[in-house]
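[1] how would this look folded up:
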Amino acid sequence: MKVLIGRGFTQLITSRRLRAGQRWLAALPRVLLGSAAQLEYCHQLDDPYSHLLLQLLSPLLRQYRVQLTVHLVPPPTTAAAPEPTRLRDWSRRDAAQLARQLGLEFSADAIQANAEQLRLANQAALAVLGRSDALEQLLQISRALWSGDCTALQLRAASVSPAELELALSSAAARRRKLGHYLGATLFFEGESYWGVDRLRYLEQRLRGAGLARGTLTWLAPLPRVECRAKPTSSAQPQLYFYCSFRSPYTYLAVARVRQLAEHYGAQLQLRFVLPMAMRGLPVPLEKRLYIVRDSKREAEQLGLRFGDIADPLGAPTERGLAVLHQAIGLGKGGEFAESFLQGVFADGIDAGSDAGLQLLASRAGLDAEVVATALADQSWRAVAEANRQELFSLGLWGVPSFRVDNCPVQWGQDRLWLIERDLIVATAARD
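    Numbers count the residues shown, from 1 in each chain. Model prediction:
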């Protein structure tokens, strides 16, 4: 019964019809009153992704007929973003990669602000929010913060007291929570949220569909996607490491492309499965869970994948699945079973906690009942999952899906598979 209720709920919140209705209702007051379209933006000054997106806000306002309200927000809670030190380190490196790709400014050597520098920067930023040149001023403050220019921050911060800042940050955090998100670098438009430069295209598509574009347009953050066009010219067989979880919708979105990359470039796919965060004592806040499901739906649509009939595999279903995956890897069927399981629980509504459901997922990958029975009687997968988690932590990451080619830098997120393809192109001397 619990599985059926969960499936019904996720089918509802990922329904295209419901989304279309919600968008129509959200736009109705604007259309009827002829009022200006409103965007809200949550900016976190010590967040590299916020620094990137801030650079694109003025171009966004030039291309679309919208008005923008900026909120200064504090960092996410540790429940929403565990491992804050690793997150800071990864974000700087990842933002530098994005900046190089998009022609924006951010260096991996940028200085991470301490508490005093951040307080001064937030005070300075709060003082300029009501100005007509607020975005330009915010960018100057952000540059000063990331360069460690405390003198410039002190001069700007004088007109805002620490008490005023605390109240403003608290109010902005509450507003962010009400809007349904938990991170900085997030834009909101009529009921939906768009995080970072990675999701800016979805906002632009929505604004264009609402007739809010001005003249000729260019996409503001055109990020690459996996193409598998280049042909390997060497006999190299690189190792493609795939850190995955059976409760991660983003892992589902990645698995088919990872297998495609491995096959196209002749790479050896090394599956490194880990237990989900929620099964490692890291509960996920409601606003994060809801955002991830909705975000995964639009990503799935972009990739041509079904998504939304979800039979949540939390607990025993995941454990049973990982036991079978461990056996499948030894039989050379790991990739097939991983894709079957993930598609099953995120798109087909198959209950992996039932014997019939697990056997169906296994049979689709070419595994028979004897393999499943042997797997369920073997608990050695637990030690492997923990060893994989430790390996991932040693690389500086903690979340999935993550990827690595040979000894190249590790990448986190299904959004970064284009970087993994670049590493595979180098490793195999591939040419167009």
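[2] Helices of the stretch 1-150 of the chain, start to end?
    Assigned by DSSP state H, counting those that start in this stretch, the stretch 1-150 of the chain shows helices spanning 2-13, 16-33, 48-63, 84-102, 115-128, 134-147, 150-157.
[3] State the mean pLDDT of the fifth one.
    The one in question is helix 115-128. Mean pLDDT, helix 115-128: 95.
[4] Would you mark the buried spots in it?
    For helix 115-128, the neighbour count (16 or more other Cβ atoms under 10 Å) marks 117, 118, 119, 120, 121, 122, 123, 124, 125, 126, 127, 128 as buried. In this view, the C-beta of every residue, glycine as well, is placed from N, C-alpha and C.
[5] what packs against that helix?
    Helices and strands touching helix 115-128, by 3 or more Cβ pairs under 8 Å, 6 or more residues apart in numbering; DSSP states H and E, are strand 66-72, helix 134-147, helix 150-157, helix 162-179.
[6] ranking these by burial, who's on top?
    When these are scored by mean count of other Cβ atoms under 10 Å, the highest mean neighbour count falls to helix 134-147 (a mean of 19).
[7] what helices or strands is that one leaning on?
    With 3+ Cβ pairs under 8 Å, 6+ apart as the test, helix 134-147 has helix 48-63, strand 66-72, helix 115-128, helix 150-157 packed against it.
[8] Skip the chain neighbours and tell me the closest residue to residue 368.
    residue 362 (7.5 Å; Cβ to Cβ, 6 or more residues apart in numbering).
[9] That neighbour belongs to a helix?
    Yes - looking at residue 362 with DSSP: H, G, I helix; E, B strand; the rest coil, it is inside a helix.
[10] what number of residues lie near it?
    Residue 362: 27 surrounding residues under other Cβ atoms under 10 Å.
[11] Now do the contacts for it.
    324, 328, 337, 340, 368, 369, 371, 372 (Cβ atoms under 8 Å, 6 or more residues apart in numbering).
[12] Helix or strand: which one has the last one?
    Using DSSP states H and E, the element containing residue 372 is helix 369-376.
[13] next one: that helix to chain centre, how far?
    34 Å (Cα atoms, centre = their mean, to the nearest Å).
[14] Which other helices and strands does the next helix or strand after it contact?
    Once the chain leaves helix 369-376, the next helix or strand it forms, by DSSP H and E, is helix 381-394. Contact partners of helix 381-394 among helices and strands, from 3+ Cβ pairs under 8 Å, 6+ apart: strand 268-273, helix 316-330.
[15] Put the alpha carbons of helix 381-394 into PDB.
    These are the backbone C-alpha positions of helix 381-394, laid out as PDB (Å, rounded to 0.1, in the frame of the first residue of the first chain):
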ATOM      1  CA  TRP A 381      28.000  -6.300  -1.000                       C
ATOM      2  CA  ARG A 382      27.900  -4.300   2.200                       C
ATOM      3  CA  ALA A 383      31.600  -4.200   2.600                       C
ATOM      4  CA  VAL A 384      32.000  -3.300  -1.100                       C
ATOM      5  CA  ALA A 385      29.500  -0.400  -0.800                       C
ATOM      6  CA  GLU A 386      31.400   1.000   2.200                       C
ATOM      7  CA  ALA A 387      34.800   0.600   0.500                       C
ATOM      8  CA  ASN A 388      33.300   2.500  -2.500                       C
ATOM      9  CA  ARG A 389      32.000   5.200  -0.200                       C
ATOM     10  CA  GLN A 390      35.500   5.600   1.300                       C
ATOM     11  CA  GLU A 391      37.000   5.800  -2.200                       C
ATOM     12  CA  LEU A 392      34.600   8.500  -3.200                       C
ATOM     13  CA  PHE A 393      35.400  10.500  -0.100                       C
ATOM     14  CA  SER A 394      39.100  10.100  -0.700                       C
END
